[in-house]
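A.B. asks: Just need the structure, nothing else, for what follows:
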Amino acid sequence: QVQLVESGGGLMQPGGSLTLSCEASGSDFNVRTMAWYRQVPGNERELVASISNALQITDYDASVKGRFTISRDNVKKTVSLQMNSLKPDDTAVYYCNTKRDPYYNWGQGTQVTVSL
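C.D. replies: As a prediction, the model looks like this:
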């Protein structure tokens with residue numbers, strides 16, 4: 001079973017930048033569309049960005065389009081999320097996983113807090 005390990009979160013002031021990373025083990029990473037999600041306590045997990053496997057076609061939620069950039073390295077089996085112009089509404093725990101079922105086991109996520 002694939003293991004996912006997210007990192008790179010932290011505390012940032014509004015307008016700042018962070019880069020999140022996700023390392024995946026497992027043999028089928030390279031054929032799966034991968035995605036970043038985020039979750040605020042009490043709310044459902046929401047899809048933030050996704051990137052397809054070979055052509056690396058990207059898609060973004062309207063709330064982050066133009067500010068976030070998703071990328072992947074199929075050799076290293078990593079997915080990254082460059083987050084610029086951060087807003088307080090971006091505060092959440094961020095997770096990576098596949099975009100569609102079947103999902104990998106969810107990792108622990110990485111906390112992003114945007115505050116003065």
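A.B. asks: who touches stretch 66-77?
C.D. replies: The contact list for stretch 66-77, computed with C-beta atoms under 8 Å, 6 or more residues apart in numbering, reads 23-26, 29-30, 34-36, 48-51, 53, 56, 58, 60, 78-86. Every C-beta, even on glycine, is put in place using the N, C-alpha and C of the backbone.
A.B. asks: From these, keep the buried residues only.
C.D. replies: For the contacts of stretch 66-77, a neighbour count by 16 or more other C-beta atoms under 10 Å gives the buried set as 23-24, 29, 34-36, 48-51, 60, 78-81, 83, 86.
A.B. asks: In strands, which of the residues you listed appear?
C.D. replies: Taking DSSP state E as the definition of strands, these contribute 23-24, 34-36, 48-51, 60, 78-81, 83.
A.B. asks: okay, now L116: neighbour count?
C.D. replies: Using other C-beta atoms under 10 Å, L116 is surrounded by 5 other residues.
A.B. asks: Distance check, it against A92.
C.D. replies: From L116 over to A92 the distance is 17 Å, taken as C-beta to C-beta, to the nearest Å.
A.B. asks: quick one: low-confidence ranges for the chain?
C.D. replies: Counting by pLDDT under 70, the chain shows no low-confidence range.
A.B. asks: phi, psi of N97?
C.D. replies: Main-chain torsions, N97, degrees, to the nearest 10: phi -170, psi -180.
A.B. asks: How about it: which residues does it bridge to?
C.D. replies: Here N97 sits in beta bridges with A35, as judged by DSSP bridges.
A.B. asks: Now for it: which residues touch it?
C.D. replies: N97 is in contact with 4, 34-35, 37, 103-104, 106-107, counting by C-beta under 8 Å, 6+ apart.
A.B. asks: same check, this time on G8
C.D. replies: By C-beta under 8 Å, 6+ apart, G8 lies in contact with 18-21, 110.
A.B. asks: Done for today, thanks.
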